[in-house]
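Visitor: below: sequence and its predicted model.
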Amino acid sequence: MLLIVRGIFWFGLYTFLVTFPLLVGALAVPHSGAPSLSVDLADGLGYVAIAMLGLELALVSRMDEAAGAFGLDALLQFHREAGIAAMLLVVAHVTLLLTAAGYPAASLGLGPGVPWPIRVGTAAAACALLLVAISLARRRFGLRFESWQLLHGLLAVAVVSLGALHVASLGRFAASLPMQILGTVYLALFVGVHVRHRLVRPLLILRRPWEVESVVPERGRAVTLRLRPVGHPGFSFEPGQFCWLNMGRSPFHLEQHPISMSSSAEVPPDGAVAFTIRDLGDWSGKVVPALRPGDRVWVDGPYGVFSPDREEGPGYVLVGGGIGVTPLVSMVETLADRRDRRPVILFHGAHGEGDLTLAERLESLRGRLDLSVIPVLEHPPPGWTGETGLIGADTLRRHLPREHGRFQYFVCGPPPLMDSMERVLPSLGIPAARIHSERFEMV
Ligand SMILES: Cc1cc2nc3c(=O)[nH]c(=O)nc-3n(C[C@H](O)[C@H](O)[C@H](O)COP(=O)(O)OP(=O)(O)OC[C@H]3O[C@@H](n4cnc5c(N)ncnc54)[C@H](O)[C@@H]3O)c2cc1C
């Protein structure tokens, strides 16, 4: 199916699922008996909010059917914005009840005289506020990524369960049979997405184990893990894609990390694939370097749409910052293995020469395709004659060929590089449709 048609289908389905309860409610209960229109409006906002919150997990539950149409970055962004929008709807729901509908503040509290369905709703709203707050200000709260991930998951389940209980026990609309059927279907969908994500997927991964073949130190506090499939043929992938790596005892272990393949997508007969991982914290700095040949690793993937296989063009410009070079190296390796003759220009930004991860690998590929590698160092060593500073419009202009406007652009690196390229590339006349990016950061 054409990508745009798939995109329209999934977005249409999302909009339908979010708004359908309003339609069913209006048809099933034309006269709600609410004291005022404001209460009906507040209820409507609440229904949309709970449907949006219930769908939040589906957006990030690695459903390849939907992710394939939008890409991880776009889906994560949508997940974040939909979460904030749902929280604002919850606030609007409460505000309307307090102001326009005239309910006293105490009647929405947790106090002893307040009916339990309202207390449950208030608890759901408080959890929703906390959920959004810790996600927007994780770093400011000094919360470790893993702690945030656990808290985020627990709060999300609390918000949806308490919210659903609040809606189901609070009368007017929910008491009608069509709304009860709809509520049951939505709950089944929510549970189904959880079961698929937390039970079915790990069970499938359990049947396809991988083991470490080698662990090789690289420049820039990184190591390259070469993994080979055990008792199965492995997978095929597109250069630029990533997998979730899990180094726990079983695939049910909660800690998993997204890591791009750094080897060629022309996978060798033994099915081995490589991942290059930079020490950025507990897992990448302690667990990964401690791995030894023969150790078990669980691999879920491949995922992602950040790939030249999906973007035809007469040439490629790759811009990588730090460890963001890994998917770009996979692209170059793959084009070399395929004997692709199209020009590839790779800008590789790093702090110093010692941080140019996989530079030797790129150097060795130069003879096998039309590849130019331009290292750009923030802190160059004495005698360095190459590019210095941050990759900017001038750096690009100095190296891009005249026909660069028709090339495809792939950008991967830390947030400042991504933000800068989002401004710089359009200013060089590159249309948005030819700029593809992957952020190595989730929250
Ligand atoms: C699509 C994608 C591809 C990536 N490819 C690579 C790669 O090829 N090589 C590489 O070195 N890094 C890659 N990363 C980044 C890598 O996932 C994190 O650096 C790694 O998870 C760090 O974990 P940590 O516990 O060691 O560090 P921490 O100090 O705990 O985290 C550092 C940062 O990494 C991110 N992070 C941590 N844990 C996770 C997690 N479970 N899921 C998502 N993000 C997390 C968070 O933004 C966090 O702030 C990629 C990230 C994404 C989103």
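Guide: Yep, that arrived.

Visitor: neighbours of the residue of the chain found nearest the ligand, just the number please.
Guide: Closest contact between the chain and the ligand, by Cβ to the nearest ligand atom, is at Gly281 (2.0 Å). No exception for glycine: its C-beta is placed from N, CA and C like everyone else's. Taking other Cβ atoms under 10 Å as the neighbour definition, Gly281 ends up with a count of 13.

Visitor: now swap in Val185 and tell me
Guide: Residues contacting Val185 under the criterion other Cβ under 10 Å number 11.

Visitor: pretty sure it sits in a helix.
Guide: Yes. Under the criterion used here (DSSP: H, G, I helix; E, B strand; the rest coil), Val185 sits inside a helix.

Visitor: so, in contact with the ligand or not, the lowest-mean-pLDDT helix or strand in the chain?
Guide: Within the chain, no helix or strand scores below helix 64-70, which has a mean of 72 by mean pLDDT, DSSP states H and E. No. With Cβ under 6 Å from any ligand atom as the criterion, the ligand is not reached by helix 64-70; the gap is at least 11.1 Å.

Visitor: how about whatever helix or strand comes next after that helix: buried residues?
Guide: As assigned by DSSP states H and E, the chain's next helix or strand after helix 64-70 is helix 72-98. Going by neighbour count (16 or more other Cβ atoms under 10 Å), the buried part of helix 72-98 is 72-73, 75-76, 78-80, 82-83, 86-87, 89-90, 92-94, 96-97.

Visitor: which elements pack onto helix 72-98?
Guide: Judged by 3 or more Cβ pairs under 8 Å, 6 or more residues apart in numbering; DSSP states H and E, helix 72-98 is in contact with helix 37-59, helix 64-70, helix 116-136, strand 435-439.

Visitor: what's around the nearest residue to Leu143 once chain neighbours are set aside, how many residues?
Guide: Leaving aside its chain neighbours, Leu143 sits nearest to Ile134 (6.4 Å; criterion: Cβ to Cβ, 6 or more residues apart in numbering). Here the count is done by other Cβ under 10 Å, and Ile134 has 18 residues near it.

Visitor: does Ile134 really touch Trp148, like I thought?
Guide: Yes. Under the criterion of Cβ atoms under 8 Å, Ile134 is in contact with Trp148, at a separation of 6.3 Å.

Visitor: and the helices and strands packed on helix 72-98, which one's lowest on average pLDDT?
Guide: Note on the helices and strands packed on helix 72-98: lowest mean pLDDT is at helix 64-70, with a mean of 72.

Visitor: quick one: that helix to chain centroid distance?
Guide: Shown here is helix 64-70, whose average C-alpha point lies 11 Å from the average C-alpha point of the whole chain (Cα atoms, centre = their mean, to the nearest Å).

Visitor: now name the helix or strand holding Val329.
Guide: Of the helices and strands defined by DSSP H and E, Val329 is found in helix 326-337.

Visitor: follow-up on the earlier one: just the buried residues of helix 72-98 that are near the ligand?
Guide: When Cβ under 6 Å from any ligand atom is applied, the members of those adjacent to the ligand are Leu72.

Visitor: interface residues of the protein facing the ligand?
Guide: Those residues of the chain that sit near the ligand, judged by Cβ under 6 Å from any ligand atom, are 72, 144-145, 242, 256-260, 276-278, 280-285, 323, 326, 438, 440-443.

Visitor: show me which of those residues are buried.
Guide: With neighbours counted using 16+ other Cβ under 10 Å, the residues of the chain next to the ligand contain these buried positions: 72, 145, 242, 256-260, 276-278, 283-284, 323, 326, 438, 440.

Visitor: of these, which belong to helices?
Guide: Helix and strand membership here follows DSSP state H; of these, those in helices are 72, 145, 326.

Visitor: just checking, the first one touches Ser437?
Guide: In other words, Leu72. No. Counting by Cβ under 8 Å, Leu72 sits too far from Ser437 to count as a contact (10.8 Å).
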